[in-house]
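> dropping a prediction and its sequence here:
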Amino acid sequence: MTKLQIRAFLYQLGCFAILFISARYVVEHYTNLTGLWIPLTAFVIGTLLSPKFHAIKTKDGEKLFMKWILMKGIKEIG
């Protein structure tokens, strides 16, 4: 794995973790769900809302791109 691929993985993991923990708190305190349904619902919300990061080799070298459901198009990170 290249340096940018590792960075993309860490960014994606961090964003998912933040959204999962936030969604778990909200689901636990503001819904009537119990048991396994709380983390399962938080997992689905985190998966759908987290941005996707990809390291792609282009003719100019390897670049990091991000695609997010809340933004239009693909953005170049670095």
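Yep, that arrived. Residues are numbered from 1 along each chain as shown.
> for the most centrally placed residue in the chain, what are phi and psi?
Central residue of the chain (CA atoms, centre = their mean): S50, 2.9 Å from the mean position. Here is the backbone geometry of S50 (degrees, to the nearest 10): phi -80, psi 140.
> all helices for this protein, in order.
Applying DSSP state H to the chain gives helices spanning 3-30, 37-49.
> how about CSV for those, with mean pLDDT and distance to K59 added?
Glycine gets a C-beta too; all of them are placed from N, C-alpha and C. Output for these, formatted as CSV (pLDDT from 0 to 100; distance: least, CB to CB, whole Å):
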stretch, mean pLDDT, distance to K59
helix 3-30, 96, 16
helix 37-49, 97, 32
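> what's the closest of those helices to K75?
helix 3-30 (12.3 Å; CB to CB).
> buried residues in the closest one?
The neighbour-count check on helix 3-30 (16 or more other CB atoms under 10 Å) flags 4, 7-8, 11-12, 15-16, 19-20, 23-24, 27 as buried.
> now swap in stretch 32-45 and tell me
By neighbour count on 16+ other CB under 10 Å, the buried set for stretch 32-45 is 38-39, 41-42, 45.
> CA atoms only: put it into PDB for me.
Extracted in PDB, the C-alpha atoms of stretch 32-45 (Å, rounded to 0.1, in the frame of the first residue of the first chain):
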ATOM      1  CA  ASN A  32     -37.100   3.600  21.400                       C
ATOM      2  CA  LEU A  33     -34.700   1.100  19.900                       C
ATOM      3  CA  THR A  34     -33.100  -1.400  22.300                       C
ATOM      4  CA  GLY A  35     -30.400  -4.100  22.100                       C
ATOM      5  CA  LEU A  36     -28.700  -4.900  18.900                       C
ATOM      6  CA  TRP A  37     -30.800  -2.500  16.900                       C
ATOM      7  CA  ILE A  38     -28.900   0.600  18.300                       C
ATOM      8  CA  PRO A  39     -25.400  -0.300  16.900                       C
ATOM      9  CA  LEU A  40     -26.900  -1.800  13.700                       C
ATOM     10  CA  THR A  41     -28.800   1.400  13.000                       C
ATOM     11  CA  ALA A  42     -25.800   3.600  13.800                       C
ATOM     12  CA  PHE A  43     -23.700   1.400  11.500                       C
ATOM     13  CA  VAL A  44     -26.100   1.900   8.600                       C
ATOM     14  CA  ILE A  45     -26.200   5.700   9.200                       C
END
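> alright, I will stop here.
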